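Undergrad: Here's a sequence, model it:
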Amino acid sequence: MPFPSNLAPGHLFCFGAGYTCHRLAQRLLNQGWRVSGTTRSDDGADILRQDGIEASLFGGVSGDTLDKRAFADVTHVIGSIPPGPEGDPALAAELDWVSHAPSLRWVGYLSTPAVYGDRGGALVHEDDDPNPGSTRGKRRLAAERAWVSAFEKTCASVQVFRLSGIYGPGRSAIDQMRNGKARIIDKPGQVFNRIHVDDIGTILMASMQRPNHGRIYNVADDEACPSGDVIRYASALLEMEPPEPIPFDSAELSPMARSFYSECKRLDTTRIKSELGVELAYPTYREGLQSILRVGI
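TA: Below is the predicted model:
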């Protein structure tokens, strides 16, 4: 897997050390980094600690606090907690951790393409004006701007990463087929980009090497396609019958999923390659699913 090999070890703190940050942490720990992060439960903290990640409990609600001393030698921060009605909990005034991180030099905020709104399947570049049509997209756009603004007068560089649909070992169409939860939602003309979790890590590490304050990056693979294509490909790899398509209008979807299907766009990924020098290990879902099946986890 291609990744920057000359990235000097530092101390990464993750607000929301979930699936993506956990995978990245494992790579950084192997390169001599120190990694800390937040989780909402004692069980989550135990899992992080078992993997060498220093864990702090933080629910992301008003009044939650963190030990400011934890940021004394933090060099890199990732924000990945979804913002709520009152904004991003990691930037809540009562935390005031920014002034306690004198060594901080790089910040990555993990956002979503929902900030673009619906583009009718058109190709979207980072320089295109955002036009969120959902509450989720509006909150994310506000959070993006808040993260950049919070560090305007500091030595830290803030980058925004708009992540498409994340998949990887344990969270893929392969797993959905195996556990009987795969569904094909049929909405003609609907396409999505995806991104393998380890390609996200590669992109974040490349940005750590090449900080560019305020820069925005689309984080996606090279092939936007209907979700049914991915499920059918996974079923073929597993030699299983794919599920019958379910018309979108009659599908039982969560509000989040229905919001996801209400927008259609293709993400331009030129910038991660031209500026960060990234070569995706999984440029389409095919390579990603083949790897997941091959590894067997």
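Undergrad: Now for residue 230, how many residues are close by?
TA: The local packing of residue 230 (other Cβ atoms under 10 Å) involves 25 other residues. C-beta: built from backbone N, CA, C; applies to glycine.
Undergrad: And for residue 252?
TA: Residue 252 has 8 neighbours, counted by other Cβ under 10 Å.
Undergrad: give me phi/psi at it?
TA: Note on residue 252: its backbone torsions stand at phi -90, psi 110 [degrees, to the nearest 10].
Undergrad: And it, how close does it get to residue 258?
TA: Using Cβ to Cβ, to the nearest Å, we find residue 252 at a distance of 10 Å from residue 258.
Undergrad: do residue 17 as well
TA: According to Cβ to Cβ, residue 17 and residue 258 sit 28 Å apart.
Undergrad: Please say which of the two ends up with more neighbours.
TA: Higher neighbour count among residue 17 and residue 258: residue 17, with 30 against 14, using other Cβ under 10 Å.
Undergrad: could you list every residue that touches the more buried one?
TA: Going by Cβ atoms under 8 Å, 6 or more residues apart in numbering, residue 17 touches 25, 37, 38, 39, 44, 48, 53, 55.
Undergrad: Let me know the pLDDT of the closest residue to residue 156 other than its chain neighbours.
TA: Leaving out its chain neighbours, the residue that sits closest to residue 156 by Cβ to Cβ, 6 or more residues apart in numbering is residue 104, at 4.6 Å. What the model reports for residue 104 is a pLDDT of 97.
Undergrad: close enough to count as contact, residue 104 and residue 154?
TA: Yes - between residue 104 and residue 154 there is a contact at 7.2 Å, judged by Cβ atoms under 8 Å.
Undergrad: Now list whatever residues contact both of those two.
TA: Listed as contacting both residue 104 and residue 154 by Cβ under 8 Å, 6+ apart are residue 98.
Undergrad: For the two, work out which one has more neighbours and name it.
TA: Counted by other Cβ under 10 Å, residue 104 and residue 154 do not tie: residue 104 has more neighbours, with 23 against 16.
Undergrad: Helix or strand with the lowest mean pLDDT in this structure?
TA: Ranked by mean pLDDT, DSSP states H and E, the weakest helix or strand in the chain is helix 255-261, scoring a mean of 83.
Undergrad: What residues of that helix count as buried?
TA: Buried positions in helix 255-261, judged by neighbour count with 16 or more other Cβ atoms under 10 Å: 259, 260.
Undergrad: Quick one: distance of that helix to the chain centre.
TA: Remark: helix 255-261 is offset 17 Å from the chain centroid, using Cα atoms, centre = their mean, to the nearest Å.
Undergrad: who's in contact with it?
TA: 114, 134, 136, 185, 187, 190, 192, 248, 253.
Undergrad: What is the nearest of those to residue 225?
TA: Set against residue 225, the nearest of the contacts of helix 255-261 by Cβ to Cβ is residue 192 (7.3 Å).
Undergrad: tally of neighbours for the closest residue to the closest one other than its chain neighbours?
TA: Spatial nearest neighbour of residue 192, excluding adjacent residues (Cβ to Cβ, 6+ apart): residue 165 at 5.5 Å. Residue 165: 16 surrounding residues under other Cβ under 10 Å.
Undergrad: Can you name the residues that contact residue 165?
TA: With contacts defined as Cβ under 8 Å, 6+ apart, residue 165 is in contact with 192, 193, 194, 195.
Undergrad: mind redoing it with 10 Å?
TA: Residues near residue 165 by Cβ atoms under 10 Å, 6 or more residues apart in numbering: 112, 113, 192, 193, 194, 195, 220, 221, 227, 230, 260, 285.
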